[in-house]
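Trainee: Okay, here's the prediction I keep looking at, along with the sequence it came from:
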Amino acid sequence: MATVSASNLTVERLVRVTSGWTMLFMHLILFIAAVLSLGFGIYAAAHMQGALAAVRIPAGVILLLLALLCAFGYFTLQPNEARVLILFGRYKGTVRESGFHWANPFYARARGRVPAQAGASIPAGQGLGARLRRVQAMQGYQPLSTKISLRAHNFNSDTLKVNDKRGNPVEIGAVIVWRVQNTAQAAFDVEDYSAFVEAQSESAIRSIASRYAYDHGEAHELTLRGGADEIAVALKQELRERLAKAGIEIEEARLTHLAYAPEIAPAMLRRQQAEAIVAARQIIVHNAVSMVHMALDELDQKNVVKLDDERRAAMVSNLLVVLCGSSEPSPVINTGTLYT
């Protein structure tokens, strides 16, 4: 797989912004100053003090507009949440510290937009932002927020039908645990990092499934069924290479579903049953021969009975029938001599 050049990746820059509480105090002072300036200006105009009113009223309007503009700079971040700062199309940095903050009100609130799915509901909010999201959804796209969650996410893939190394159709599914590690890459190097993770995860699962046989591989060959831990490591490494450009860290990747496709499942089940029966019979015959050998040695050593080759062969045959038979033997009592 081709690696991504480091020069093509966006570098994350951590920045600190003004505390929201400090700015709120200053904002209140600014708002009070604007109200007082307007009030004194109106009072001066009412008392025929035109020069004073001409200064205070415009100053009060300017201060009031400035206070209203500053109100758009507040934002909050929860633990394990970050925000990328974009000013007129340029990336200025990332804020990772949780709490109540204030930043330049001209920082963008959205980092792009993607096509909205038909019938998808946009989370309802309040005010102008909510109305804007509804209008954008009606127009066929939805905005991508500048806030990025740094929490761990689970992606449960659909059950995929893939041909294994031997060409047998198998059903496979996996669970991927991932989180955003580099906010700049996640925000600017891919369009929608969540959709990118889903697409690349399914592609990686298909790739892994096609490299290995479902089971019954050659000697010391790794299989999907027999090497769950090794397959999980290979899948995790595959995902890391695919998602490196999006700044995504893979914490865990493991298969959750593995089975033959329905069209060949009965035939494969019969084959597995036949192989199990053959393996069991091999063990039974091996142990039966050992027991017969032990029995004949005991008879010879203790001089219980002397058997010629013909009778020894007959005893061996009878003992093997008894030991290897699948049903209970029926004893036959010989009332004659050993040779009749």
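Mentor: Okay, I see it. Everything quoted here is computed from the prediction, not taken from an experiment.

Trainee: Gln185 versus the residue lying closest to His153 once chain neighbours are set aside, what's the distance?
Mentor: In this structure, His153 finds its nearest non-sequential neighbour in Trp178, 5.5 Å apart by CB to CB, 6 or more residues apart in numbering. Where C-beta positions appear, they are placed from N, C-alpha and C, glycine not excepted. Look at Trp178 and Gln185: by CB to CB, to the nearest Å, they are 13 Å apart.

Trainee: same question, Leu235
Mentor: To Gln185, Leu235 is 22 Å away according to CB to CB.

Trainee: now do Gly173
Mentor: 28 Å.

Trainee: out of those two, which sits in the more crowded spot?
Mentor: Using other CB atoms under 10 Å, the more surrounded residue of Gly173 and Gln185 is Gln185, with 22 against 16.

Trainee: Just the residues contacting whatever helix or strand the more buried one lives in, thanks.
Mentor: Using DSSP states H and E, Gln185 sits in helix 183-188. Residues outside helix 183-188 that contact it (CB atoms under 8 Å, 6 or more residues apart in numbering): 9-13, 82, 84, 91, 94, 96, 111, 144, 146, 148, 150, 180, 193, 245-248.

Trainee: Tell me if I am right that Ala253 is in a helix.
Mentor: No: Ala253 is assigned strand when assessed by DSSP: H, G, I helix; E, B strand; the rest coil, not a helix.

Trainee: Let's see the pLDDT reported for it.
Mentor: Per-residue confidence at Ala253 stands at 93 (pLDDT).

Trainee: In this structure it contacts Ile176, no?
Mentor: Yes: judged on CB atoms under 8 Å, Ala253 makes contact with Ile176 at a distance of 5.2 Å.

Trainee: and for those two, which residues touch both?
Mentor: Common contacts of Ala253 and Ile176 (CB under 8 Å, 6+ apart): Leu239.

Trainee: For the helix or strand where Leu28 lies, name the packing helices and strands.
Mentor: Per DSSP H and E, Leu28 falls inside helix 20-46. Judged by 3 or more CB pairs under 8 Å, 6 or more residues apart in numbering; DSSP states H and E, helix 20-46 is in contact with helix 50-70, strand 74-77, strand 99-102.

Trainee: Out of these, the one nearest Pro262 is which?
Mentor: The closest of those to Pro262 is strand 74-77. By CB to CB, the value is 48.5 Å.

Trainee: Of all the residues in the helix or strand following the closest one, which ones are buried?
Mentor: Where DSSP H and E defines the elements, the next helix or strand beyond strand 74-77 is strand 81-87. Neighbour counts over strand 81-87 (16 or more other CB atoms under 10 Å) mark 81-86 as buried.

Trainee: Over to stretch 234-249?
Mentor: Those would be 234-236, 238-239, 242-249, for stretch 234-249 by 16+ other CB under 10 Å.
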